[in-house]
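*Asks:* 3D model of this:
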Amino acid sequence: MPRRTNTPALPILLLVVTLATTLAGCSTNPVDAPPPTIAPASAAASPPAGATPEGQVVPLAAPAQAAVFDPATRSLVVLGPGDANRSLVTVLPADGAPVPVELDGTTGALVADADGRALLPTRGGYFALDVAAGVAERVGVPGQDDVDFTALARRADGRLVLGSADGTVYTLDSQGGVAAQVKIFARVDSIVTQGDTAVVLDRGQTSVTSLTADGTDDEHALRAGEGATTMVADAAGRVLVADTRGGELLVYGVGPLMLRQRFPVPDAPYGLVASGGDTPVLAWVAQTATNTVVGYDLSTGIPVEKVRYRTVQQPNSLAFDDASGTLYVVSGSGAGVQVIAGAAR
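*Replies:* Numbering: from 1, shown residues only. Reported below is the predicted structural model:
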């Protein structure tokens, strides 16, 4: 009698394998598990300044964590550590003595906002600093009292985008409530905007990601070198990233997010700012291993060095006044603020 064959066995086996694979895929969904990361890069420990820095050096009471220039008040705003779990902001006006402002809490980031304000993310919300008055008001994000906000930016439509230590990005509505949120990062270290597009830097994933306009998902995500640390937007619609570990300046276009230029910058590039306005559009990059800052012209399709300066020790933060062409180099080791007038000449 001929042997009988059971033909359904193979389809059933395939179905079981498919289901098992599907279930395994669900268990490793990045929404449910932290994304893979590397040790975040950081600025190099700068040597003592070997020569007198160009320009004028203004002393600061403490090492700086971040700095921005507020064009409305013509003031440099510097963030540093305070006392007893409080951060300290120092406002350095164009004329007059520095004004210290102690915050009722801590923060690690600082951005310039419209109309003479600076914004600083904190647990449960952010501080809004009236730069001229030297007064900071804490603004809470409804329902997010326990969220450790680490980054913040404002879109062209006026809506704020905040990022958190647990890797979530919150897009607020016009009344300040949460309109959308997406958790796809290990940590949100920086946010910048071009128009209504928010771009997120995650140092642990060394990635840059643009979000959809409604803030509910990533639109494009790209690897950013070997250890990206800082990010700024420029007046020409670009996003600039310092790859500190890989020793490169990365230049991205937005809409869609795409790497347009990459250029070797040795000696641990970290501090980053872009100049624009009536001055040449330059990307300023601080090389923390050698106490140097370099201005690059990006207009030719490849960065071209235009100017180079010796700096104060540990040039971790840069700021620029477009109206006067003044570059501010702010030390992360307590060496003060270096003021270089007409820096782009």
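
*Asks:* Show the residue spans covered by the helices in the stretch 51-200 of the chain.
*Replies:* Counting by DSSP state H, counting those that start in this stretch, the stretch 51-200 of the chain has no helices to list.

*Asks:* how near is the residue most central in space within the chain to Asp218?
*Replies:* Taking Cα atoms, centre = their mean, the centroid of the chain lies closest to Ser190, which sits 3.0 Å from it. As for Ser190, its distance to Asp218 is 16 Å (criterion: Cβ to Cβ, to the nearest Å). All C-beta atoms are positioned from the backbone trio N, CA, C, and that covers glycine.

*Asks:* and if you look at Ala228?
*Replies:* 16 Å.

*Asks:* Neighbour count for the two, which is higher?
*Replies:* Ala228 (27 against 16; other Cβ atoms under 10 Å).

*Asks:* In contact with the more buried one, which residues?
*Replies:* Shown in contact with Ala228 (Cβ atoms under 8 Å, 6 or more residues apart in numbering): Ala41, Leu201, Arg203, Thr206, Ser207, Val208, Val241, Ala242, Asp243, Thr244, Leu250.

*Asks:* Roughly how far does the first one sit from Leu92?
*Replies:* Between Ala41 and Leu92 the distance is 29 Å, computed by Cβ to Cβ.

*Asks:* Pairing partners for the closest residue to Glu137 other than its chain neighbours in the sheet, please.
*Replies:* Using Cβ to Cβ, 6 or more residues apart in numbering and skipping residues adjacent in sequence, the residue nearest Glu137 is Ala128, 5.1 Å away. Counting by DSSP bridges, Ala128 forms beta bridges with Leu119, Glu137.

*Asks:* so Ala128 touches Val135, yeah?
*Replies:* No. The pair Ala128 / Val135 is not scored as a contact, 9.4 Å apart, by Cβ atoms under 8 Å.

*Asks:* Could I get the contacting residues of Ser46?
*Replies:* Thr288, Ala289, Thr290, Asn291, Gln313, Gln314, Pro315, Ser333 are the contacts of Ser46 under Cβ under 8 Å, 6+ apart.

*Asks:* let's see 6 Å
*Replies:* Applying Cβ atoms under 6 Å, 6 or more residues apart in numbering, we find Ser46 in contact with Thr288, Asn291, Gln313, Gln314.

*Asks:* before we move on, back to that, for the residue nearest to Glu137, give me its contacts.
*Replies:* By Cβ under 6 Å, 6+ apart, the neighbours of Ala128 are Arg117, Leu119, Glu137, Val139.

*Asks:* quick one: the last one and Thr37, what's the gap?
*Replies:* Val139 is 30 Å from Thr37, where distance means Cβ to Cβ.

*Asks:* what do you get for the second one?
*Replies:* Note on Leu119: its distance to Thr37, by Cβ to Cβ, is 27 Å.

*Asks:* Looking at those two, which has the bigger crowd around it?
*Replies:* Applying other Cβ under 10 Å to Leu119 and Thr37 shows that Leu119 carries more neighbours, namely 22 against 16.

*Asks:* Can you read off the pLDDT for that one?
*Replies:* Per-residue confidence (pLDDT) for Leu119: 98.

*Asks:* among the contacts of Ser46, which are in strands?
*Replies:* Of these, none are assigned to strands by DSSP state E.

*Asks:* Just the buried residues of those residues.
*Replies:* Among the contacts of Ser46, those classed as buried by 16 or more other Cβ atoms under 10 Å are Thr288, Asn291, Gln313, Gln314.

*Asks:* OK, contacts around the nearest residue to Ala221 once chain neighbours are set aside?
*Replies:* Of all residues not flanking Ala221 in the chain, Thr209 sits nearest, at 4.2 Å (Cβ to Cβ, 6+ apart). When contacts are counted by Cβ under 6 Å, 6+ apart, Thr209 touches Val200, Asp218, Ala221.
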